[in-house]
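**Q** for reference, the sequence and a predicted model appear below.
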Amino acid sequence: MIETLARKLNEKSKEQMELHHQNLNLQETLKRVANCSAPCPQDWIWHGENCYLFSSGSFNWEKSQEKCLSLNAKLLKINSTADLDFIQQAISYSSFPFWMGLSRRNPSYPWLWEDGSPLMPH
C-alpha cells in the first residue's frame, strides 16, 4: 500500500512539474503576443484578410460612405461565398442595419460596387 501511494505521489509530482512548465511556456507566449499589434483596430472584427466594423450609428448610405472614408475604409464588398457566410453570421447577432458598397445610378443601370466593379453572381 505504501508503494502504491509512493508511486501515485511520484506520478502526481511529475504531472505537477509538467503543468508548471506548460504554465511558464504560456506566460512567455503571452508576453510575446502582448507586444504584437492586433490586425484590426479596436472594435473591428478580423475575418480572412479584412477588418470589419459594424457601426451602431444611424447614417444614410452617403454618410456611411463618408464615415468609412474618414476611417480609411470602404463600405462592405462581398467577394466570395465565404465573405457572404461570414456577413450573414455576423449580422445574425446584431439588431443594427448596415450598408454595403453596392449602388446603381438608376433602375436601368447595373449594380456596381464602390470600386466600380459589377455585381457578379456566385
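**A** Yep, that arrived.

**Q** so how many other residues sit close to residue 30?
**A** 10 (other CB atoms under 10 Å). Where C-beta positions appear, they are placed from N, C-alpha and C, glycine not excepted.

**Q** sorry, that was for residue 41
**A** Residue 41, neighbours per other CB under 10 Å, totals 13.

**Q** give the contact list for it.
**A** Shown in contact with residue 41 (CB atoms under 8 Å, 6 or more residues apart in numbering): 51, 53.

**Q** can I assume it sits in a strand?
**A** No - applying DSSP: H, G, I helix; E, B strand; the rest coil, one finds residue 41 to be coil, outside a strand.

**Q** now the phi/psi pair for it, please.
**A** phi -60, psi 160 (degrees, to the nearest 10).

**Q** mind checking pLDDT for it?
**A** pLDDT for residue 41: 88.

**Q** check residue 31 too.
**A** 67.

**Q** helix, strand or coil for the residue nearest the centre of the chain?
**A** Centroid-nearest residue in the chain, with CA atoms, centre = their mean: residue 46, separated by 2.6 Å. Of the three states, residue 46 takes strand according to three-state DSSP.
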